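**Q** Give the three-dimensional model of this entry:
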Amino acid sequence: MSSRLLDNLNQQLSQARELVAWGRIQAQRALYFARQGQREAATELVATVRREFAAAPHAEVTAWISLAEALNKFYAKPGAEGMDRLRRAEALARAIQHPVLVPLCAAWLAHFEFNANRMEAMALHASQALSLAQGDHHAALARVSLVLADAYHHAGRFDLAKPWYARVREHALADGDDAMMSAMLHNVAAFRASAVRLEDAFGRHSPSEAKRALMEAESTRTYDYGVGSNAMRLLVPLLRAQLFTVQGDFSNAIALFDANIEFAAEQGLARLLASFLADRAWCHFSQHNLLLTSVDVAAAIGALVHAADLDDLAGTHARIAKVLDATGQTDASKEHEGLAERYLNEHKGKQASLLALLEALNPDSR
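**A** The predicted structure follows:
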């Protein structure tokens, strides 16, 4: 499937007569490739632009390529290096008062801060993006709308997230941005799957929600295949594995875990590794393979050090407790059960705080 956004950029590139315009468009193409998970293409474009401007750097072009580098690093492995590049891009954009780059960088800063669980900073940058972006700045408004939709979803209020997801779709369609549509589909599926998995780990089964989440994951996989997106190629099969676990389809769950779990850390999913391992342990126990059950439980406990989100910690400890209890390790099971309840309560408290923060933000409806 051809990308209208990329086609438009390619057409602009063919008509570019000035070096700065050429550099800006190439950087925007690199941004697109980074968001699609085509990291080599993004890296090559950034290097090409840097070489062209090595003798006489241009502030706007440097800001654009710094933003492209930030996203390329972020999608490879979220962390400080990508944030440093993003802050450099923002500083340059503000220095030249660039009307497009400033709100776009603010929107991406909101995204990065949300991903790092720094919600006050997320809200600040989201507010800036909304106030600075013109109504036709679809890239910035789609990005900040996605951040706010995800924030409401994470706070347990999908009803309040839905209007923001609708705005993401509106702006993405206006720009022909298939990468943004893919990101939205991924996030909706991931948040719903996480909620279903958390409830199931605590013994509260919801077959209809599990079925819906699996359908969303399948839809995301189909869309990504159609547009050639590779940004989150491992997340969907691992989400499907967790949902198969919830549904009791242990054979299919194990097959998907086995094919993808060892690459999770390389794809920026280290924080979810413990949850994948704990679910696979339950699958192995349900298939009466006690040796592999023991191996995965031990690995899950060891991987908890990478887990960052309270809901993931709660669900993983609950799943571990369930496996340990089923294998007769009562004392250890009670310890993990206590931790699961503690993290669940903390998660609910954070959800309430996040919702209050979002209500205080009171963003406009562009």
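
**Q** Please make it C-alpha for all contacts and neighbour counts, starting now.
**A** Noted.

**Q** starting at the chain centroid, how far to stretch 85-99?
**A** How far stretch 85-99 lies from its chain's middle: 24 Å, per CA atoms, centre = their mean, to the nearest Å.

**Q** Report the rounded mean pLDDT for that stretch.
**A** When the per-residue pLDDT values of stretch 85-99 are averaged, the result is 97.

**Q** Any buried residues in the helix or strand of the chain with the lowest mean pLDDT, and which?
**A** Sorting the helices and strands of the chain by mean pLDDT, DSSP states H and E puts helix 207-227 at the bottom, at a mean of 77. In terms of neighbour count (16 or more other CA atoms under 10 Å), helix 207-227 has its buried residues at 209-211, 213-214, 216-221, 223-224, 227.

**Q** helices or strands up against that helix?
**A** helix 178-201, helix 235-247 (3 or more CA pairs under 8 Å, 6 or more residues apart in numbering; DSSP states H and E).

**Q** how about those in JSON lines, adding mean pLDDT?
**A** Rendered in JSON lines, the data for these read as follows (pLDDT from 0 to 100):
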{"stretch": "helix 178-201", "mean pLDDT": "91"}
{"stretch": "helix 235-247", "mean pLDDT": "92"}
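
**Q** would you list those helices in TSV and tack on distance to residue 146 and mean neighbour count?
**A** As requested, the helices and strands packed on helix 207-227 are arranged in TSV below (distance: least, CA to CA, whole Å; neighbours: other CA atoms under 10 Å):
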stretch	distance to residue 146	mean neighbour count
helix 178-201	7	22
helix 235-247	18	24
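
**Q** Would you format the ones you listed as JSON lines with distance to residue 52 included?
**A** Below are the helices and strands packed on helix 207-227 laid out as JSON lines (distance: least, CA to CA, whole Å):
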{"stretch": "helix 178-201", "distance to residue 52": "28"}
{"stretch": "helix 235-247", "distance to residue 52": "37"}
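
**Q** Which among these is found nearest to residue 335?
**A** In terms of CA to CA, the element of the helices and strands packed on helix 207-227 nearest to residue 335 is helix 178-201, at 15.5 Å.

**Q** for that closest one, the distance to its chain's centre please.
**A** Remark: helix 178-201 is offset 9 Å from the chain centroid, using CA atoms, centre = their mean.

**Q** ditto for stretch 322-332
**A** Taking CA atoms, centre = their mean, one finds stretch 322-332 lying 33 Å from the centre of the chain it belongs to.

**Q** Next, the buried residues of that stretch.
**A** 322, 323, 324, 325.

**Q** Which elements pack onto the helix or strand hosting the third one?
**A** When elements are assigned from DSSP states H and E, residue 324 belongs to helix 310-326. Helix 310-326 makes packing contacts with helix 178-201, helix 273-286, helix 290-303, helix 330-361 when contacts are defined by 3+ CA pairs under 8 Å, 6+ apart.

**Q** Good, wrapping up.
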